[in-house]
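J.: A predicted structure for the sequence below; I have some questions about it.
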Amino acid sequence: TIGVLGIGTMLLAFVPGSFVQSFFINLSSPSRFIVWDIAWQGIKERPLFGWGLENFQFVFLKYYQPCLGSLVCGYESWFDRTHNKVLDVLIEAGVVGLVSYLGVFVFTAKQATKAFLQEKCPPMIFVTCLTVLFAYFLQNLVSLDTATTLFYFCLILAFVSATTRESTGSVFAPHSRRRLAYQGLACLFTLLFPMIFYQSCILPLKSNTAVVDVYKEKKMENHLAAFTNAVDGSAIGLDLRRIFLAQALGKVIANLSEKPTIAEESFLKQELALIQRGLENTILTTPNFLRAYLQLGFAYQMEGRLFDANRYQDAERIFEEAIELNPNNQKPLWAMAGLMLEQGNAEATIAYLDAARALDPSVTRSSVNKIVALRILGEEESLKETVASFYFLNPPEQKEIEAFLLLSQDEVLANKNRHLQIYY
């Protein structure tokens, strides 16, 4: 009875306007339901076998809803998980995968019941096993599967397996060919284990630690060494590492208070070349990875600012591709507006920002970006109109914008490069 009530209550969370959904939104964010709707669109497109492991980010971009980032749909606008295990499985492996996934729960519950009926499992242990299974499944309907929860799930599976296993002794004769074959495989896997462990654990740890060092290191020569180790390194988490590295490099360049020295120029050129090569490879192997497009365009823009103005054209080309691939997403429009603003093209800047705002006026980030652009461009009349409409939305950024508007025009222009970072 409790299980049925729990499932029924959980299902009400998916009913628009229900008291359970309203309660859930108040505790978390309405963006969760938008993401679930996006996932459902992807499931309908590939229902049988899904999109493959770790590919929800592409479904998310394909069916992106421009209201994300607003008060109505939640201020979060980047998702690589659905925050619902059933939907995750359907996205990654389709109905075939979901049947297999649910089969694990059904089989485990069946085996636990069998052990209980055979008096191999005390009543309290039996109830605990089923309760943990049910709780694990239920909480995964609204959250991510974490290492902690997965550990308890595996513990239950191991316990049930051990409880229901029949002790029949060895299944192999002492010197049978099959026994020798299994012993040979055991030796082979033992020999391969150090290499597998290094590639799957040690090397990713070293590569990810190098990213942390990039953020912490102050000396440019040490910064470059850590950057080089992190930009390639392990294939596990490689694309996201490159995104973090590009962001770190962008902050370094944006915070330059004066023209870099010859030595600093050398290090910056090397790091820009490394990250551009890495992100170009990411885009080549992972089409429409929007974050890679945005950070690659920004890297070209940084090089155009410091060393070669022709790189602005490369940045524009990348942002145009991103806009074409993501017509319902404001982010590439904001990035293009930032590029136009840096080059002093006021008309194009406002055009791209207006295009972004037209996708969904309730997304206050578009208004924030326009306010910053108008302030830098010195267009006071348009600025007043935009600020008035922005305050009407009562956004969380209101205090920051008020502080920004109090700055003098000289202060705004002196920190122009820092202000441009909000477009990425």
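T.: Structure's in. What do you need? Numbers count the residues shown, from 1 in each chain.

J.: use CA for all of it now, contacts and neighbours both
T.: OK.

J.: which helix in this structure runs the most residues?
T.: Counting residues, the longest helix found in the chain (DSSP state H) is helix 85-117.

J.: next SSE after that one?
T.: Going down the chain from helix 85-117, the next helix or strand is helix 123-139, by DSSP states H and E.

J.: any idea which helix or strand comes after that following helix?
T.: Sequence-wise, the next helix or strand downstream of helix 123-139 (DSSP H and E) is helix 147-164.

J.: So the residue nearest the centre of the chain versus Trp36, what's the distance?
T.: In the chain, the C-alpha nearest the mean C-alpha coordinate belongs to Asp80, at 4.3 Å (C-alpha atoms, centre = their mean). Distance, Asp80 to Trp36, by C-alpha to C-alpha, to the nearest Å: 12 Å.

J.: can you check Lys269 too?
T.: Lys269 sits 43 Å away from Trp36, going by C-alpha to C-alpha.

J.: And the pLDDT for Pro332?
T.: Here, the pLDDT recorded for Pro332 equals 95.

J.: Equivalent analysis for Gln343, please.
T.: Model confidence at Gln343, given as pLDDT, is 91.

J.: Could you count how many residues lie near it?
T.: By the criterion of other C-alpha atoms under 10 Å, Gln343 has 15 neighbours.

J.: Count the residues that sit near Gly378.
T.: Look at Gly378: counted by other C-alpha under 10 Å, it has 14 neighbours.

J.: Disregarding flanking residues, what is the spatial nearest neighbour of it?
T.: Nearest residue to Gly378 in three dimensions, chain neighbours excluded: Gln409, at 7.7 Å (C-alpha to C-alpha, 6 or more residues apart in numbering).

J.: Do I have it right that Glu92 meets Arg46?
T.: No: applying C-alpha atoms under 8 Å, one finds Glu92 not in contact with Arg46, separated by 9.6 Å.

J.: The two: which has the busier surroundings?
T.: Each of Glu92 and Arg46 has its neighbours counted (other C-alpha under 10 Å); Glu92 has more, 21 against 17.

J.: thinking again about what came up before, the more surrounded of Lys269 and Trp36?
T.: Comparing Lys269 with Trp36 by other C-alpha under 10 Å, the one with more neighbours is Trp36, at 19 against 13.

J.: secondary structure element for that one?
T.: Going by DSSP H and E, Trp36 is part of helix 31-45.

J.: Following element in sequence after that helix, please.
T.: Toward the C-terminal end, the helix or strand that comes next after helix 31-45 (DSSP H and E) is helix 56-62.

J.: Please work out the average pLDDT along that following helix.
T.: 91.

J.: Now do it: everything it contacts.
T.: 35, 38-39, 42, 79-82, 88, 91-92, 288-290, 326 (C-alpha atoms under 8 Å, 6 or more residues apart in numbering).

J.: Any of the residues you listed buried? List them.
T.: Taking 16 or more other C-alpha atoms under 10 Å as the criterion, what is buried in the contacts of helix 56-62 is 35, 38-39, 42, 81-82, 88, 91-92, 288-290, 326.

J.: of those, closest to Tyr75?
T.: Among the buried ones among the contacts of helix 56-62, Val35 lies closest to Tyr75 (C-alpha to C-alpha), at 12.3 Å.

J.: which residue sits closest to that closest one, ignoring its sequence neighbours?
T.: Distance criterion C-alpha to C-alpha, 6+ apart; nearest residue to Val35, sequence neighbours excluded, is Thr82 at 6.1 Å.

J.: if we can go back for a sec, which positions in the longest helix of the chain come out as buried?
T.: Neighbour counts over helix 85-117 (16+ other C-alpha under 10 Å) mark 85-95, 97-98, 101, 105, 108-109, 111-116 as buried.

J.: ditto for stretch 194-202
T.: In stretch 194-202, counting by 16+ other C-alpha under 10 Å, buried: nothing.

J.: Quick one: residues in contact with it.
T.: Contacts with stretch 194-202, where a contact means C-alpha under 8 Å, 6+ apart, come from Ser234, Ile236.

J.: Can I get that stretch as CSV, trimmed to CA atoms?
T.: Provided in CSV are the C-alpha atoms of stretch 194-202 (Å, rounded to 0.1, in the frame of the first residue of the first chain):
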residue,chain,number,x,y,z
PRO,A,194,47.7,-2.3,-14.1
MET,A,195,47.4,-0.8,-17.7
ILE,A,196,43.6,-0.6,-17.5
PHE,A,197,43.8,1.0,-14.0
TYR,A,198,46.3,3.6,-15.2
GLN,A,199,44.3,4.5,-18.3
SER,A,200,40.9,4.6,-16.6
CYS,A,201,41.9,6.0,-13.2
ILE,A,202,45.4,7.4,-12.8
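
J.: if we can go back for a sec, just send the buried ones among the contacts of helix 56-62 back as TSV, with distance to Leu249 and pLDDT too.
T.: Shown next, in TSV, are these (distance: C-alpha to C-alpha, whole Å; pLDDT from 0 to 100):
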residue	distance to Leu249	pLDDT
Val35	31	89
Ile38	33	92
Ala39	33	92
Gly42	35	93
Arg81	27	86
Thr82	30	87
Asp88	33	92
Ile91	34	94
Glu92	33	92
Asn288	22	84
Phe289	19	91
Leu290	18	93
Asn326	25	94
